[in-house]
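Visitor: give the three-dimensional model of this entry:
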Amino acid sequence: MHLVQRGINREPCFFAEEDYHCYLHWLQKSAADWNCAVHAYVLMTNHVHLLITAERPDGPARLMQSLGRRYVQYVNRAYQRSGSLWEGRYKSSAVQAEAYLFTCMRYIELNPVRAGMVSDPAHYRWSSYRHNGLGQADERLTPHAMYRGLGAADDERQASYRALFRSELDADALGDIRLALTQSQPLGDDHLSERICAKVGVRRALPKRGRSQGKATTPDGMEEQTGFGF
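Guide: Residues are numbered from 1 along each chain as shown. A predicted model of the protein is given here:
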């Protein structure tokens, strides 16, 4: 599941370094409480992205409810404020790992680059890239089986993962992921996506096309210049 939660009216939800540490602490605790494995994340100024695998159907909802509540309580105490911090319910999209796992991980970890905050994802502290690509310890993360399949040893996996970031995501990949989140649509091949949509009684909004892992090569021309990313 790809999960996104935004600050209300797209206003900041992190104000100081300690806020990021606090959010990540509660992410680890809530993920453990609700049997969710976290594969990738990025904490942007006014929103967060998570990529998780849940062992129980209500895991994602329980995780986001617990994490959001705990973090809002912390922020309200720390900054003597009241009321909601988040803009309504979080956005979510089921991700077919075989077709989109690495594309989605790249999308998440490249957020600070698209926002113009850094030139390289390794330069941004508040994401999973330093663990997945460079081997920096991060006890919040659980490697996905496909990530483990990138190599026999840690250094091989990290090198293979870094190679995926040598090119930018193309416009189709960006559009598919954004539309899936906006419409709460599954992100996968035609057969799986249409089967999931039929099961839950919604019409598929994504265009029909396949995607191979790690093959995006052209600049997308859709970079955001706000400093907040997407």
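Visitor: strands of the protein, residue ranges please.
Guide: With strands called from DSSP state E, the chain shows them at 2-6, 36-43, 47-54, 91-93.
Visitor: of all those strands, which one comes closest to Gly151?
Guide: strand 36-43 (16.4 Å; Cβ to Cβ). C-beta: built from backbone N, CA, C; applies to glycine.
Visitor: could you report the neighbour count for His131?
Guide: For His131, the neighbour count with other Cβ atoms under 10 Å is 20.
Visitor: next one: it from Arg62, what distance?
Guide: The gap separating His131 from Arg62 is 24 Å, by Cβ to Cβ, to the nearest Å.
Visitor: same check, this time on Gly68
Guide: 11 Å.
Visitor: and if you look at Glu87?
Guide: Distance from Glu87 to Arg62, by Cβ to Cβ: 20 Å.
Visitor: now swap in Gln28 and tell me
Guide: From Gln28 to Arg62 the distance is 15 Å (Cβ to Cβ).
Visitor: rewinding a little: compare Gly68 and Arg62 and say which is more crowded by neighbours.
Guide: Per other Cβ under 10 Å, whichever of Gly68 and Arg62 has more neighbours is Gly68, with 21 against 17.
Visitor: what sits against the closest residue to Leu50 other than its chain neighbours?
Guide: Distances taken as Cβ to Cβ, 6 or more residues apart in numbering put Leu3 closest to Leu50, at 4.5 Å, once the chain neighbours are dropped. Counting by Cβ atoms under 8 Å, 6 or more residues apart in numbering, Leu3 touches His49, Leu50, Leu51, Ile52, Pro60, Leu63, Met64, Tyr90, Lys91, Ser92.
Visitor: now do 6 Å
Guide: Leu50, Tyr90, Ser92 (Cβ atoms under 6 Å, 6 or more residues apart in numbering).
Visitor: cool, Tyr23 as well?
Guide: Contacts of Tyr23 (Cβ under 6 Å, 6+ apart): Tyr71.
Visitor: mind checking the strands of the chain for the one nearest to Tyr147?
Guide: Here strand 36-43 is closest among the strands of the chain (Cβ to Cβ), at 7.1 Å.
Visitor: the closest one packs against which elements?
Guide: strand 47-54, helix 97-109 (3 or more Cβ pairs under 6 Å, 6 or more residues apart in numbering; DSSP states H and E).
Visitor: for Ala37, find the nearest of the ones you listed.
Guide: Closest among these, using Cβ to Cβ: strand 47-54, at 4.7 Å.
Visitor: what does the closest one contact?
Guide: 1-6, 36-42, 60, 104, 108.
Visitor: and for Val48, the neighbour number?
Guide: 28.
Visitor: likewise Ser93?
Guide: 24.
Visitor: and it, how far is that from Asp172?
Guide: Distance from Ser93 to Asp172, by Cβ to Cβ: 16 Å.
Visitor: what residues are up against the closest residue to Glu55 other than its chain neighbours?
Guide: Among residues not flanking Glu55 along the chain, Asn35 sits closest, at 4.0 Å (Cβ to Cβ, 6+ apart). For Asn35, the contact set (Cβ under 6 Å, 6+ apart) comprises Glu55, Arg56, Gly59.
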